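S.K.: Mind looking at a prediction? Sequence and model below.
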Amino acid sequence: MPLSDQHFILVVNTDYACVLDAFENKKRKMDEKNTKVCKVTDVRMRKVLGLPDKERKEIIGSRRYRFQHSIGTQKLQFHAAYDDDEGKKFISLCESPENAAFLKSEELTVDDARKLVEDLKYFRELFLADYEFED
């Protein structure tokens, strides 16, 4: 079932803001340590950087164990895709006059959306160019 436009805006806004916060914190820590080798554990950051998902959610208990496979293989689909098409769609939906009242009710602006997409691209390019990743 596809997300409504307003739900899509909220999901992407939330995920982008969370991953940007993680990138900023990681960069600050890397700068403080003066190192270019980093361990990326945040699932959103790993997805943005194209790194494989390392964590597997372990289900304990026989009644819930049957959900182990679907949780392990599908959990990343509940996060944004963090790709150019998604960023363009996010901005386009925010620019739509039909969503103006919704954006205002959420205290968001089109400029906020553009900045989130721009910042995400900046951090992706920065980390891929300047840092080495270890497991």
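M.R.: Structure received. Numbers count the residues shown, from 1 in each chain.

S.K.: switch to C-alpha atoms for all contacts and neighbour counts from now on
M.R.: Fine.

S.K.: per-residue pLDDT, residue 52?
M.R.: If you check residue 52, the pLDDT there is 87.

S.K.: Isn't it up against residue 44?
M.R.: No - the pair residue 52 and residue 44 fails to qualify as a contact (Cα atoms under 8 Å) at a distance of 10.8 Å.

S.K.: Among these two, which residue is more densely surrounded?
M.R.: residue 44 (24 against 9; other Cα atoms under 10 Å).

S.K.: if you skip the residues just before and after it, what's nearest to that one?
M.R.: residue 19 (5.8 Å; Cα to Cα, 6 or more residues apart in numbering).

S.K.: Then residue 134?
M.R.: For residue 134, ignoring the flanking residues on the chain, the nearest one in space by Cα to Cα, 6+ apart is residue 39 at 5.2 Å.

S.K.: Next, count neighbours for the one you found.
M.R.: Around residue 39 there are 12 other residues, counting by other Cα under 10 Å.
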